[in-house]
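Enquirer: Make a model of this:
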Amino acid sequence: MPLRLHHIYHIFLMDMKQRNICTLKINTMKNKAIILNSRPEGKPKLSDFKFINEEIPEITNGEILLKIKYVSVDPYLRGRMSDAESYVKPFELKKVISSGVVAEVIESKTEKYKAGDFVSGLLEWKEYQQSDGNGLLKIDKKIAPLSAYLGILGMTGLTAFFGLTEIGVPKKGETIVVSGAAGAVGSIVGQIGKISGCRVVGIAGTDKKVEMLKSKFGFDDAINYKTTKNIQKDIAAVCPNGVDIYFDNVGGIISDGVHANINRLARIIVCGAISGYNDTSLKTGPRAEYFLIKKSALMQGFIVSNYADKFPEGIKQLAQWLKEGKLIYTETIAEGFDAIPQSFIDLFDGKNKGKMIVKI
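Expert: Numbers count the residues shown, from 1 in each chain. Modelled structure (predicted):
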């Protein structure tokens, strides 16, 4: 064989050998996943989750292979862990859990995506998974960090935006109270309230978070609900003109205190009720009906998917405010796939500032 052909043949063999090694490595790698091992009773425990190993899937025509980069853990997932009727189907026992995820395309057999693209969407808690691309949004890390698409430019930001603007309809000079204000949604609600020209008061669980709301996010005032002796009186003190809009992320006795301070034609936006998500039975307490009737007030619950047809305009507006420096955001980022369950549990102890995300 001539020297030149021999050299080319040698390079070809080395390339094929390297490809085989890479293929063998991928095929023998374990694909770690997290299943719902048992339905939580009260606050979730680590034993409610279980790590399993699966094979990395092989994709067919029209599919992509994804490797997850960031995972969103959110309070609403607690409801899906209970076998009860809700606005979304509960998780199945012994099946893989899903939530908002940012993933990288590492192999593609469709013209819609190419290797190296990044997408966000509702995906499983698996290191690798295949998809046909339906329901996924291609995202651009040049516009914002990838994690932002799970927060301020994702479900979190859209929840704050549509809840406040569509139901609250803020008017300049009104007073907005936000519970769970140091959380992912609450901190954005407060900033949109300020952009709308309102006075904004936040409710959080530590003095450090109270200070952060005022110094970082521009809230006019804030209350530490864990140290207050009378939440109703403290709200009245920091809202001398009453409450026109209440963005409720927590429910419970905090909301009871706000309801007692609402103005005529107030709007109460019910986004979450984390204070009761781990309760094993419904608690009784003051009823809102008296205040709603007395003040001719509106109280409306919602989920962000109600506004799915408006998502593009919501993302556009949030991105514009972000670019202009009118919006900032805070993330609590845990590291590693194994950290997902504990990070979710930490939400119920208030260990997050802003959006809780796990970086894989």
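Enquirer: List the beta-bridge partners for the closest residue to Ser72 other than its chain neighbours.
Expert: Distances taken as C-beta to C-beta, 6 or more residues apart in numbering put Gly100 closest to Ser72, at 3.7 Å, once the chain neighbours are dropped. C-beta coordinates here come from the backbone N, C-alpha and C atoms, glycine included. Note on Gly100: beta-bridge partners by DSSP bridges are Leu122.
Enquirer: Gly100: how many residues sit nearby?
Expert: 21 (other C-beta atoms under 10 Å).
Enquirer: Helices of this structure, residue ranges please.
Expert: 3-28, 77-80, 155-162, 184-195, 207-215, 231-238, 252-259, 289-295, 311-323, 340-346 (DSSP state H).
Enquirer: Let me have those in JSON lines, extended by mean pLDDT.
Expert: JSON lines is the format used below for those (pLDDT from 0 to 100):
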{"stretch": "helix 3-28", "mean pLDDT": "46"}
{"stretch": "helix 77-80", "mean pLDDT": "92"}
{"stretch": "helix 155-162", "mean pLDDT": "95"}
{"stretch": "helix 184-195", "mean pLDDT": "96"}
{"stretch": "helix 207-215", "mean pLDDT": "96"}
{"stretch": "helix 231-238", "mean pLDDT": "97"}
{"stretch": "helix 252-259", "mean pLDDT": "95"}
{"stretch": "helix 289-295", "mean pLDDT": "95"}
{"stretch": "helix 311-323", "mean pLDDT": "93"}
{"stretch": "helix 340-346", "mean pLDDT": "97"}
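Enquirer: of all those helices, which lies closest to Glu55?
Expert: Distance to Glu55, taken as C-beta to C-beta, is lowest for helix 3-28 among the helices of the chain, at 8.0 Å.
Enquirer: Would you mind putting the helices of the chain into TSV with mean neighbour count and distance to Ser47 alongside?
Expert: TSV is the format used below for the helices of the chain (neighbours: other C-beta atoms under 10 Å; distance: least, C-beta to C-beta, whole Å):
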stretch	mean neighbour count	distance to Ser47
helix 3-28	10	30
helix 77-80	18	16
helix 155-162	26	28
helix 184-195	27	27
helix 207-215	17	30
helix 231-238	17	34
helix 252-259	21	27
helix 289-295	13	40
helix 311-323	16	37
helix 340-346	20	10
